[in-house]
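>>> Model the following, please.
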Amino acid sequence: MGNLLNSLSTELRRGTLTLAVLSQLRTPQYGYSLVQLLEGAGISIEQSTLYPLLRRLEKQELVTSSWDTSESRPRKYYVLSEYGFELFLQLKKEWIENSKELYSLLKGGEVDEFN
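Next up, the predicted model:
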């Protein structure tokens with residue numbers, strides 16, 4: 001059961017990570033700052049997961065990136081594009097609606113768990 005649970009749990013997280021990352025890119029962030037923001041909200045993400053996700057979002061034109069070389073260590077900052085922001089708002093709305101529907105299904109018959 002443990003392996004199956006881990007597999008299904010990973011599958012659930014995969015979709016939510018994209019939305020979580022998009023939600024934090026309304027202001028420019030570099031990789032480590034993004035990890036810190038997400039972890040502060042209780043969402044752990046490995047850099048080996050984050051950077052491929054950021055590259056994919058950039059390829060899909062949801063995110064733009066730019067280098068800041070003003071400090072001794074150059075940092076690549078990511079931020080939502082205008083298109084990315086519009087898509088984020090739509091995904092956010094859809095997530096909230098789906099969460100309400102799923103919550104309604106899950107709480108039926110299991111009153112004690114969802115108080």
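>>> chain center to the longest helix seen in the chain: distance?
Longest helix of the chain, by residue count under DSSP state H: helix 82-107. Taking the mean of its C-alpha atoms, helix 82-107 sits 13 Å from the chain's own mean (C-alpha atoms, centre = their mean, to the nearest Å).
>>> could you give me the average pLDDT of it?
For helix 82-107, mean pLDDT is 94.
>>> what about residue 32, how many neighbours?
Counted with other C-beta atoms under 10 Å, the neighbours of residue 32 add up to 11. Heads up, the C-betas are built off the backbone N, CA and C, glycines and all.
>>> mind checking which helix or strand it is in?
Counting by DSSP states H and E, the element that carries residue 32 is helix 31-40.
>>> about what we covered before: does the longest helix of the chain pack against any helices or strands, and if so which?
Contact partners of helix 82-107 among helices and strands, from 3 or more C-beta pairs under 8 Å, 6 or more residues apart in numbering; DSSP states H and E: helix 2-24.
>>> how about low-confidence regions in the protein?
Per-residue confidence for the chain (pLDDT under 70) gives these ranges: 109-115.
>>> any idea which residue sits dead centre in it?
residue 20 (2.3 Å; C-alpha atoms, centre = their mean).
>>> That one touches residue 40, doesn't it?
No. Between residue 20 and residue 40 no contact is recorded; they are 11.6 Å apart, counting by C-beta atoms under 8 Å.
>>> List the residues that contact residue 18.
The contact partners of residue 18, taken as C-beta atoms under 8 Å, 6 or more residues apart in numbering, are 53, 57.
>>> Mind listing residues that contact stretch 86-100?
19, 22-23, 26, 62, 80.
>>> Could you write out the alpha-carbon coordinates of that stretch in PDB?
Output in PDB follows, covering the C-alpha atoms of stretch 86-100 (Å, rounded to 0.1, in the frame of the first residue of the first chain):
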ATOM      1  CA  GLU A  86      -4.600  35.600 -17.300                       C
ATOM      2  CA  LEU A  87      -4.200  31.800 -17.300                       C
ATOM      3  CA  PHE A  88      -3.300  31.800 -13.600                       C
ATOM      4  CA  LEU A  89      -6.500  33.600 -12.800                       C
ATOM      5  CA  GLN A  90      -8.600  31.100 -14.800                       C
ATOM      6  CA  LEU A  91      -6.700  28.100 -13.200                       C
ATOM      7  CA  LYS A  92      -7.200  29.600  -9.800                       C
ATOM      8  CA  LYS A  93     -11.000  29.900 -10.300                       C
ATOM      9  CA  GLU A  94     -11.200  26.400 -11.700                       C
ATOM     10  CA  TRP A  95      -9.100  25.000  -8.800                       C
ATOM     11  CA  ILE A  96     -11.400  26.700  -6.200                       C
ATOM     12  CA  GLU A  97     -14.500  25.300  -7.900                       C
ATOM     13  CA  ASN A  98     -13.100  21.800  -8.200                       C
ATOM     14  CA  SER A  99     -11.900  21.900  -4.600                       C
ATOM     15  CA  LYS A 100     -15.400  22.800  -3.400                       C
END
